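S.K.: I would like the atomic coordinates for the input below:
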Amino acid sequence: TTTTSLLLDTLSESDIIIIPSALDFVSQDEMLTPLGRLDKYVASENIFNRQMVARSLLDTLKAVNEDERDCITVLERVGRLADDSEPTVRAELMEQVPHIAIFCQENRPSIPFAFSKYLLPIVVRYLADQNNQVRKTSQAALLVLLEQELIERGDIETLVCPVLVELTAPDSNDDVKTEAMAIICKMAPMVGKDITERLFLPRFCEMCCDCRMFHVRKVCAANFGDICSVVGGEATEELLLPRFFQLCSDNVWGVRKACAECFMTVSSSTSQEVRRTKLSSLFISLISDPSRWVRQAAFQSLGQFISTFASPNSVGQYFREGEDCISTGDLGVGVLCRTEEVGGVDVAEEGGGEQAAEALMDASDGGPCCEYADIVPECLCGEKSKKEPSSLTPDSSDTAGARQQEEAPSGDTENEPQPPEKHTISNKKDDSPADTSEPSSLSEPAEDSPSVSPRDSIPEQELYNSFHFWRMPIAEMDLDMELLHQGKTKASAPVLDRKQLEELIENLEPHIDDPDVKAQVDVLTAALRATTMDSHLEDAFLDRTSTLQMSHGDDSELSDSSFSPEDEKKSKHQDVIPQALLDQYLSMTDPSRAQTVDMEIAKHCAYSLPGVAMTLGRQNWHCLRDTYETLASDMQWKVRRTLAFSIHELALILGDQLTAADLVPIFNSFLKDLDEVRVGVLKHLYDFLKLLHQETRRKYLYQLQEFLVTDNSRNWRFRSELAEQLVLLLELYSGQDVYDYLRPLSFSLCTDRVSSVRWTSYKLVSEIIRKVASCQVLLADFLSELVEKFCHSHKWSGRQAFTFVCQLVIEDDCVSLEQFSEHLLAPLLQLASDPVANVRVLLAKTIRQSLMEREYFLHSANSHQEALEQTLVALQMDLDKDVKYFASVHPGSTRISEDAMSTTSSTY
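M.R.: Purely as a prediction, here's the structure:
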């Protein structure tokens with residue numbers, strides 16, 4: 001100790017070392033002004049200090065906001081920080097730019113043109129930064145600035161767009177080029193048609209053909225639909241569609257997949273003619289693509305693409321006859337649901353669409369129905385003719401007569417049958433190429449053979465034969481296109497004789513396991529029967545063919561042994577969309593598709609089915625009926641769940657008659673399905689039941705209680721949804737039905753273990769009281785049971801529930817105050833002596849907030865005023881302080897839902 005003291009004595013004051021503390025630095029920074037701190041750390045050699053400066057720029061701006069010169073100084077320092085050599089500093093700065101821009105916009109009077117002068121050039125410059133993180137951050141910042149409309153339109157055109165176009169130049173860096181093209185595509189909807197067409201469209205078309213980088217082509221393909229939507233139909237068809245065709249045939253499957261995913265958006269930007277003649281065949285090529293991923297994307301987009309054939313004014317819908325249409329119709333796409341009459345026939349009449357179509361054709365000499373005769377062969381024959389060279393029948397089924405032939409079997413069978421002349425192929429000469437290319441001798445005009453009448457040339461039993469009905473559609477014909485142009489000078493195409501048909505069938509027999517081949521065998525067999533009815537050789541040959549089909553388990557509905565109208569109704573032919581598209585859509589339920597395309601292809605089919613049904617119209621529902629039934633019985637619950645969520649929409653499309661016949665049985669099966677499926681039905685229970693007739697609707701009253709039983713008792717949201725739907729269902733049923741069937745359900749839900757379910761159920765009970773209030777007997781019985789079950793309940797939650805219901809009844813004016821006083825007031829006031837404080841608290845709220853607000857209870861002549869005042873005084877003297885508070889003063893919140901949920905939250 002002595003030695004230490006001696007050493008300290010020998011040290012002079014100059015020899016003492018003072019170690020600075022961190023607090024000293026903090027105090028020094030606090031003494032600096034915001035600009036002083038900014039200048040100090042901008043020049044710091046420590047990277048983290050410069051990052052901190054970039055992160056705190058907005059706070060610095062707010063601190064000096066009062067002085068315009070200081071704000072400009074801060075923004076100038078931003079420009080200095082933007083030249084930092086460290087990428088992380090530049091990236092941090094760019095993350096703050098949108099926030100600084102918003103601040104400048106809000107304080108524009110004091111900082112005029114600050115953003116466009118100081119910040120925007122930095123954002124644009126960073127788009128070409130060498131560091132990937134900086135580029136990504138600047139791209140994100142640019143999109144945010146555009147979305148918030150913080151960039152002036154003039155600045156977009158003069159500062160931003162030229163830089164992006166330059167970055168996509170052919171000699172630009174590959175990564176930068178790809179990213180810049182992605183920014184251009186995302187900017188297009190924000191900047192509008194004018195700038196996109198003038199500045200972006202030429203470069204976009206050029207990049208679609210970029211041979212070096214498939215990444216650029218993939219970006220173009222993925223955003224092709226957005227560009228088409230911006231520039232409009234004319235530019236799309238003239239400039240973009242040729243590029244789209246090239247991208248759809250790109251040698252990289254990722255590019256073709258991107259085209260399939262945006263096909264619907266591209267189709268929406270084109271005309272109906274282009275959609276039918278060009279895009280349909282292009283889409284078929286994507287569906288048959290060698291890559292499984294491309295086929296998968298194409299099938300997922302198929303239903304969406306089909307829906308584009310129904311323009312907003314093409315399909316008019318109404319549910320029952322006599323009701324107004326939801327939208328008006330247009331004959332350009334096909335004869336859909338409309339309410340106007342043509343020739344005395346109501347086109348939209350249930351089951352009468354086919355007869356109306358014939359009336360339209362007769363009135364216009366087949367004009368509208370032959371509208372696409374020159375279009376459909378061009379768009380459909382390509383793919384199928386390459387895939388199926390065995391379809392040698394040079395037949396065109398897209399004539400007016402063929403459409404009559406296909407539509408006739410699906411008409412209303414209850415109508416009186418029309419004369420045979422109505423069902424022949426054609427009784428008039430027509431100059432259209434489609435008519436002149438008809439090969440069948442059955443289609444020759446009656447004028448060519450005056451000695452043979454149509455009734456004599458075609459046996460009566462053959463007027464509905466399978467050949468006329470199940471003939472191959474145009475998509476499956478190897479049609480010589482020259483016939484379409486030379487048809488006016490040629491009498492007709494050559495007809496296949498019986499020997500050629502036999503050879504075709506024999507060649508196809510080894511491949512009959514293929515469903516497509518079997519379908520061809522069915523058609524050719526029907527053709528053979530039609531052309532050799534008077535030949536004895538036919539029997540032996542047909543017997544051998546039918547035996548072959550039976551040996552392969554043929555249970556097809558294409559059986560030729562019956563020509564009944566019921567079988568013919570199952571035709572899949574229509575003229576709203578190209579038949580090839582519909583055939584591909586119907587094949588999505590084929591089990592082989594799940595193995596070769598996508599395991600969830602059936603789910604995608606189910607998801608888009610309402611849109612396809614809307615496009616085809618209810619008169620073509622027969623095309624989708626079998627597919628819908630197949631999906632409804634699919635083994636995957638996700639498929640059935642998808643249908644359950646959309647069945648009410650489909651019912652609105654089909655109308656009451658088809659709904660009762662085809663959807664109600666499926667709806668019933670969904671009611672007994674898994675909870676994951678039942679919830680789809682339950683969420684739209686009211687929407688579906690309101691579309692049914694009263695007699696059918698009443699049958700479901702017996703089944704409502706089944707919703708109380710779930711696979712998992714903890715699934716309380718299921719019961720909550722049931723309570724909400726029951727509130728809506730009250731308007732669909734009479735007071736007696738509500739009392740008999742919905743009353744037990746409501747009381748059961750009021751005792752649920754979950755407070756959220758109980759609260760919804762209280763609303764349900766109050767609405768039931770409103771429903772039965774018009775009948776004194778039902779009202780008295782219902783309120784009597786309510787008092788007995790809840791007000792006199794042994795559980796305090798039941799007594800509390802009774803108080804909730806009473807408060808709702810008063811708040812919503814469910815009954816008159818006289819009726820309330822007669823049936824509910826006395827039992828309610830008895831709860832003032834309830835042993836549970838929560839019940840008394842809610843009673844005090846009800847009296848103070850609801851009852852005492854009504855003039856009826858404040859009138860001195862009212863016999864109930866004295867009872868109310870006595871109860872209120874008793875509650876004001878209650879031992880519980882909360883009861884005292886709510887009985888003595890008027891709380892600030894008067895919303896029943898807030899008070900109720902604040903109480904129930906503690907009683908869960």
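
S.K.: excluding its backbone neighbours, what's nearest residue 875?
M.R.: Ranked by C-beta to C-beta, 6 or more residues apart in numbering and with sequence neighbours excluded, the top spatial neighbour of residue 875 is residue 887, at 3.6 Å. Using the backbone N, CA and C atoms, a C-beta is placed for each residue, glycine as well.

S.K.: Kindly confirm my reading that the one you found forms part of a strand.
M.R.: No - inclusion of residue 887 in a strand is not indicated when DSSP: H, G, I helix; E, B strand; the rest coil is applied; the result is helix.

S.K.: Residue 738 is in contact with residue 730, isn't it?
M.R.: Yes - applying C-beta atoms under 8 Å, one finds residue 738 in contact with residue 730, separated by 5.9 Å.

S.K.: if you count what's nearby, which of these two comes out ahead?
M.R.: Between residue 738 and residue 730, counted using other C-beta atoms under 10 Å, the more crowded position is residue 738 (23 against 19).

S.K.: Quick check: closest non-adjacent residue to the more buried one.
M.R.: Counting by C-beta to C-beta, 6+ apart, residue 738 lies nearest to residue 771, which is 5.1 Å off, once chain neighbours are set aside.

S.K.: Who are the contact partners of that neighbour?
M.R.: Applying C-beta atoms under 8 Å, 6 or more residues apart in numbering to residue 771 gives the contacts 730, 735, 738.

S.K.: what helix or strand is it on?
M.R.: Element membership for residue 771 (DSSP states H and E) is helix 755-772.

S.K.: Tell me the first helix or strand C-terminal of that helix.
M.R.: Beyond helix 755-772 in the direction of the C-terminus, DSSP H and E gives the next helix or strand as helix 776-786.

S.K.: As PDB, could you dump the C-alpha coordinates of the very next helix or strand once past that next one?
M.R.: On the C-terminal side of helix 776-786, the nearest following helix or strand under DSSP H and E is helix 796-811. Output in PDB follows, covering the C-alpha atoms of helix 796-811 (Å, rounded to 0.1, in the frame of the first residue of the first chain):
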ATOM      1  CA  TRP A 796     -76.300 -18.900 -15.500                       C
ATOM      2  CA  SER A 797     -75.200 -18.900 -19.200                       C
ATOM      3  CA  GLY A 798     -78.800 -19.700 -20.100                       C
ATOM      4  CA  ARG A 799     -80.200 -16.800 -18.000                       C
ATOM      5  CA  GLN A 800     -77.600 -14.600 -19.600                       C
ATOM      6  CA  ALA A 801     -78.700 -15.700 -23.000                       C
ATOM      7  CA  PHE A 802     -82.300 -14.800 -22.200                       C
ATOM      8  CA  THR A 803     -81.100 -11.300 -21.300                       C
ATOM      9  CA  PHE A 804     -79.200 -11.000 -24.600                       C
ATOM     10  CA  VAL A 805     -82.200 -12.000 -26.600                       C
ATOM     11  CA  CYS A 806     -84.400  -9.500 -24.800                       C
ATOM     12  CA  GLN A 807     -82.000  -6.700 -25.500                       C
ATOM     13  CA  LEU A 808     -81.800  -7.700 -29.200                       C
ATOM     14  CA  VAL A 809     -85.600  -7.800 -29.400                       C
ATOM     15  CA  ILE A 810     -85.900  -4.300 -28.100                       C
ATOM     16  CA  GLU A 811     -82.900  -2.900 -30.100                       C
END
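
S.K.: which helices and strands does the following helix or strand past helix 796-811 pack with?
M.R.: Proceeding N to C from helix 796-811, the next assigned helix or strand is helix 817-820, under DSSP H and E. In terms of contacts (3 or more C-beta pairs under 8 Å, 6 or more residues apart in numbering; DSSP states H and E), helix 817-820 is packed against helix 796-811.

S.K.: What residues sit buried inside the longest helix along the chain?
M.R.: For the chain, the helix that runs over the most residues, judged by DSSP state H, is helix 87-106. The neighbour-count criterion (16 or more other C-beta atoms under 10 Å) identifies 87-94, 96-98, 100-104 as the buried residues of helix 87-106.

S.K.: ok, now stretch 752-770?
M.R.: Buried residues in stretch 752-770, counting neighbours by 16+ other C-beta under 10 Å, are found at 752, 754-770.

S.K.: Same question for stretch 281-294.
M.R.: Counting neighbours by 16+ other C-beta under 10 Å, stretch 281-294 gives 281, 282, 283, 284, 285, 286, 287, 289, 294 as buried.

S.K.: all strands of the stretch 201-350 of the chain, in order?
M.R.: If DSSP state E, counting those that start in this stretch is used as the criterion, the strands of the stretch 201-350 of the chain fall at 341-342, 345-346.

S.K.: Now do the same contact list for the closest residue to residue 754 other than its chain neighbours.
M.R.: In space, residue 754 comes closest to residue 716 once its chain neighbours are excluded; the distance is 4.1 Å by C-beta to C-beta, 6+ apart. For residue 716, the contacting residues are 752, 753, 754, 756, 757, by C-beta under 8 Å, 6+ apart.

S.K.: How about residue 99?
M.R.: Here residue 99 is in contact with residue 58 (criterion: C-beta under 8 Å, 6+ apart).

S.K.: mind giving me the domain ranges of this protein?
M.R.: In the assignment given by the TED database, the structural domains of the chain cover 34-248, 498-528, 775-907.

S.K.: Need those in CSV (columns: mean pLDDT and distance to residue 640).
M.R.: Shown next, in CSV, are those (pLDDT from 0 to 100; distance: least, C-beta to C-beta, whole Å):
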stretch, mean pLDDT, distance to residue 640
domain 34-248, 87, 31
domain 498-528, 67, 24
domain 775-907, 83, 35
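
S.K.: separation between the closest residue to residue 201 other than its chain neighbours and residue 181?
M.R.: Beyond its immediate neighbours in the sequence, the residue positioned closest to residue 201 (C-beta to C-beta, 6+ apart) is residue 231, lying 6.2 Å away. Residue 231 sits 16 Å away from residue 181, taking C-beta to C-beta, to the nearest Å as the criterion.

S.K.: Compare these two (neighbour count), which wins?
M.R.: More crowded of residue 231 and residue 181, by other C-beta under 10 Å: residue 181, with 27 against 22.

S.K.: Run a quick check on the more buried one versus residue 216, I expect a contact.
M.R.: Yes - counting by C-beta under 8 Å, residue 216 is a contact partner of residue 181 at 5.7 Å.
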